[in-house]
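1. Give me the fold of what follows.
(2 chains)
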Amino acid sequence: MDESRSTYKKIVHSGYFKYYRKKTLWFLATLVAAVILNFVLPRLMPGDPLAAIMARLAPGIQDTEALRRIYEHYMVQFGLDRPVIQQFFIYVGNLFRGDLGLSFSRFPRPVSEIIMSAMPWTIGLQLPAIIVGWFIGNILGAIAAYSRNGFDRVLMPTALFVSGIPAFGMAIILLTVFGLNLGWFPIAGGYGIHLLPHLSWQFIGSIIYHYHLPFMSIVLIAIGGQALGMRSMSIYELNADYVRYSRFMGIKDRTIVRYIFRNAMLPQVTGLALSIGTMMGGALVAEIIFGYPGLGTTLLRAIREGDYPLISGITLVITIMVLIAVFLLEIIYGLIDPRVKAAQFE
Amino acid sequence: MRNQFRQLIRSGKFMTGFIIFNALVLLTIFYPIFNPGNPLAMIGFDSFIPPGTYFSLYDSVNPNIHVYTLRIPGADEARIQSLLPMDEREAMGEWLIREGVPKEQINIEDFTGLLELWFAHYNPDIRIDGMTIADRRFYQRLNAKVEGIFDIVDIHLYTYNNETEEYEFQAAISSEDYIRLRDVVNIVRLPLGTDNFGMDMMRKLVSAIGTSLLIGLIAGSIATVIGLILGLVAGYVGGIIDEIIMFFSNLFTVIPGFVLLILISYSIGQAGRSVTVIGIVIGLTAWVWTTRSVRSQVLSLRHRDHVSLSKLSGHSMPRIIIKDILPYIASYVVMAFILQISTAILAEAGLSMLGLGPRTTDVATLGLMMNWAMVYSAHLTGAWWAYYPVLLVIALISFSLNLMNTGLDQVFNPQLRN
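-> Here you go, the predicted structure:
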């Protein structure tokens, strides 16, 4: 009894627990804020939001009866005739049931269904691309920092230039060079247009074939940004006392580089957490160039067609994806940062 | 201060960035002076006219133009070769292969060799298996053209007389007639061709650089002012105010800025999205970084001796902030400002690609130019001039600003120097 209690106490007061509790609370707080923003911002639009939506929608639909049905559906679903606070709770209630409303442009398909069919493409594209880009960028940045004059002279300006190109620009460059001029890769879509999505080797092969260019465009941009960050982090570390000390001790260069790499990686995890939102935003626009069937292309279509429920659904889902990514990165950070572990024994 | 200024001038990175950036700025100022006119005038009736110098065909046959006779060796050969474009040569080669001529013998680059083979083998009466009647007709027409290719005849110009309803002979143009390009009245230089609307890309690009820089400047100034004030207040006043400000700034570091941008720009609606409004919106979503870095600087400055001394002397808070704190963080603020200009320009480009950029009709921005090029599939039709220059400019602006930023960083952060 006494022992289990003390174990409980140990866990509750351990550095890990405190760290994760803090991060979880923070995650929930940002989630709530994100939902509120997603609810409030569109409602700041002057005038009756539904009327504005319908006005934009009307030219697309000739059938006035259908128009009236949509109007009534939204009136009821969002409770637009009630006070704002009540509307918000209806909105949150719908969210909990995974109900994001019905799409205008693809009426009566539910928004959640459209998003669910696009999301695997975006995650499958961006997650590996960002991770790969992050790793390669970090390695290159560390090498550049260590080898100062040789490699650095080339890498630094290149990385600066590449990180200045928007992701969609990189997508266009790869598309025109490797897709159109060299003809190595297909120029559009997530899979061959003659194929229907199904589970077969042919289909998987087609997906991989179409994957190359979008993947590379995100990886290259990520490498540029991460290499720069890692380079300056490593330079800071290079000037640290422990590096000088290790040198005086006659420790091998390779070992020292490993120390530096480890220490500079830590802030890079935080750096990724801070930049992942921007990176995902850029990558979403890059999807458009390839007509990749992910959230970016869906978002563009929704904007062009004035499909308001779909737009707001996608922005919410993207925000939540970014929040989860940041949360996971912070969990990882907690696991690898020795300082969090050290706090356990205080 | 003067010492740091001198270091900046000696910093290769800073100066390279500074020169590239200023070259772009000077271009936006001087190009319109030497090439006046509305950058959004639709001059081309075809979309995506390739880059080049264009002169009026009508003016070049003007009777008053002085015609010179020049006998240039090789001119006829070049002319004849140009009459038979590559796709027609390929078609000829294909016919020859089908007829049974070994593939190795055929070289469509070798003009005379190809013609020799053609005259030796082609016979309109030969029927080749799998060739449709249309194909045969095509080859008969092609053959007629090839046979007539060596007959260089004068071109006769006639004008139509409305009264007599007859054609009147004006002049005969021989293959040795030349006119001086300067004598042609109407010459148009389109260094970057035209876009899908038929607008002069070069002019439009220059004006778009100006607009995009303006957006960057508006957004950067707003973000910097907000960030500076919030950072100063949070860092200097501290306490509950600091916590509130940090809560919001942490919130907006995690919630992606472009999501806010999309939501706000969409909510504003097509009519409200002017260049200024887009600049303001981008600025309102970009203050977080400045706030954080200013705050951390102020926190480390707050307990320095000179600040404490100033406090003890009874100086007011604004005075302490302006005199004792601001000079120390000025370099950080400038660096953040520079970065914000470049992120704002990239943000505008991304927004425009999604169709949420500034209103289209009265102004050009780099993002809108990219967007229109993509909407009209310039990248698929090979109209590289409609988007590569724009991309290059976006990359150069961003590159130069980042270079300047790195240079500044090295001067003001001695740790980064070797």
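2. so what does the host helix or strand of residue B:3 touch, helix or strand wise?
-> Assigned by DSSP states H and E, residue B:3 falls within helix B:2-10. With contacts taken as 3 or more C-beta pairs under 8 Å, 6 or more residues apart in numbering or on different chains; DSSP states H and E, helix B:2-10 sits against helix B:12-34, helix B:388-412. C-betas here are computed from N, CA, C, even on glycine.
3. list the helices and strands the shortest one packs on?
-> Okay, so that is helix B:12-34. Applying 3+ C-beta pairs under 8 Å, 6+ apart, we find helix B:12-34 packed against helix B:2-10, helix B:201-237, helix B:388-412.
4. again, but for the longest one
-> Helices and strands touching helix B:388-412, by 3+ C-beta pairs under 8 Å, 6+ apart, are helix A:149-164, helix A:167-174, helix B:2-10, helix B:12-34, helix B:201-237, helix B:326-353, helix B:366-375.
5. quick check: angle from it to helix A:149-164?
-> Angle of helix B:388-412 versus helix A:149-164, following axes from the mean of the first three to the mean of the last three C-alpha atoms, to 10 degrees, is 130 degrees.
6. ok, the residue nearest in space to the middle of chain A to residue B:347 distance?
-> In chain A, the C-alpha nearest the mean C-alpha coordinate belongs to residue A:280, at 3.9 Å (C-alpha atoms, centre = their mean). Separation of residue A:280 from residue B:347 (C-beta to C-beta, to the nearest Å): 14 Å.
7. just residue B:332 next, same as before
-> Taking C-beta to C-beta as the measure, residue B:332 falls 21 Å from residue B:347.
8. before we move on, what about residue B:242?
-> 28 Å.
9. likewise residue A:87?
-> Computed as C-beta to C-beta, the residue A:87 to residue B:347 distance reads 30 Å.
10. go on, residue B:6?
-> Counting by C-beta to C-beta, the gap from residue B:6 to residue B:347 is 35 Å.
11. ok, and what's touching the helix or strand of chain B with the lowest mean pLDDT?
-> Across the helices and strands of chain B, mean pLDDT, DSSP states H and E gives its lowest value to helix B:2-10, namely a mean of 79. For helix B:2-10, contacts defined as C-beta atoms under 8 Å, 6 or more residues apart in numbering or on different chains pick out B:14, B:15, B:331, B:407, B:408, B:411, B:412.
12. Was I right to think the last one contacts residue B:333?
-> No - applying C-beta atoms under 8 Å, one finds residue B:412 not in contact with residue B:333, separated by 11.2 Å.
13. if you count what's nearby, which of the two comes out ahead?
-> Counted by other C-beta atoms under 10 Å in any protein chain shown, residue B:412 and residue B:333 do not tie: residue B:333 has more neighbours, with 19 against 16.
14. quick one, what contacts the closest residue to the more buried one other than its chain neighbours?
-> For residue B:333, ignoring the flanking residues on the chain, the nearest one in space by C-beta to C-beta, 6 or more residues apart in numbering or on different chains is residue B:228 at 5.8 Å. The contact partners of residue B:228, by C-beta under 8 Å, 6+ apart, come to B:290, B:294, B:333.
15. Quick one: low-confidence residue ranges for chain A.
-> By pLDDT under 70, the weakly predicted segments of chain A are A:1-15, A:44-64, A:74, A:77-81, A:107, A:148, A:190-199, A:340-346.
16. Correct me if wrong: residue A:152 contacts residue A:145.
-> Yes - counting by C-beta under 8 Å, residue A:145 is a contact partner of residue A:152 at 7.2 Å.
17. Those two - which one has more neighbours?
-> Taking neighbours as other C-beta under 10 Å, residue A:152 and residue A:145 compare with residue A:145 leading, 26 against 19.
18. Give me the number of neighbouring residues for residue A:99.
-> 15.
19. Next up, identify which helix or strand residue A:19 is on.
-> helix A:15-43.
20. packing partners for that helix?
-> By 3+ C-beta pairs under 8 Å, 6+ apart, helix A:15-43 packs against helix A:84-96, helix A:308-336, helix A:338-343, helix B:239-254, helix B:257-268.
21. Residue B:313 and chain A, how far apart?
-> 37 Å (C-beta to the nearest C-beta, to the nearest Å).
22. what's the spacing between that residue and residue B:43?
-> Taking C-beta to C-beta, one finds residue B:313 at 67 Å from residue B:43.
23. Same drill for those two, tell me which one is more crowded.
-> Neighbour tally, residue B:313 and residue B:43, criterion other C-beta under 10 Å: the higher count belongs to residue B:43, 16 against 9.
24. pretty sure that one contacts residue B:201?
-> No - applying C-beta under 8 Å, one finds residue B:43 not in contact with residue B:201, separated by 10.8 Å.
25. overlap in contacts of the two?
-> Common neighbours of residue B:43 and residue B:201 are listed as residue B:194 (criterion: C-beta under 8 Å, 6+ apart).
26. one step back: mind putting the helices and strands packed on helix B:2-10 into a markdown table with mean pLDDT?
-> As requested, the helices and strands packed on helix B:2-10 are exported to a markdown table (pLDDT from 0 to 100):
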| stretch | mean pLDDT |
| --- | --- |
| helix B:12-34 | 90 |
| helix B:388-412 | 89 |
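27. Need the winner for burial among these.
-> Ranked by mean neighbour count, the helices and strands packed on helix B:2-10 are led by helix B:388-412 with a mean of 22 (mean count of other C-beta atoms under 10 Å in any protein chain shown).
28. got the buried residues for stretch A:101-108?
-> By neighbour count on 16 or more other C-beta atoms under 10 Å in any protein chain shown, the buried set for stretch A:101-108 is A:101, A:102, A:103, A:104, A:105, A:106, A:107.
29. Quick check: the residue of the stretch 101-250 of chain B nearest chain A.
-> The nearest approach of the stretch 101-250 of chain B to chain A comes at residue B:250, 7.6 Å away (C-beta to the nearest C-beta).
30. and that residue, what is it in contact with?
-> The contact partners of residue B:250, taken as C-beta under 8 Å, 6+ apart, are A:26, A:30.
31. Do a quick rundown of the helices in the stretch 151-300 of chain A.
-> For the stretch 151-300 of chain A, the helices defined by DSSP state H, counting those that start in this stretch occupy A:167-174, A:201-238, A:241-248, A:253-290, A:295-304.
32. Point out the most buried one among the ones you listed.
-> For the helices of the stretch 151-300 of chain A, the largest average neighbour count (mean count of other C-beta under 10 Å) is found in helix A:167-174, namely a mean of 26.
33. what's the domain layout of chain B?
-> Here the domain assignment for chain B is B:2-44+B:196-417, B:61-67+B:154-190, B:84-148, based on automatic domain parsing.
34. Out of these, which one sits most buried?
-> Mean neighbours per residue, mean count of other C-beta under 10 Å, is largest over those for domain B:2-44+B:196-417, with a mean of 19.
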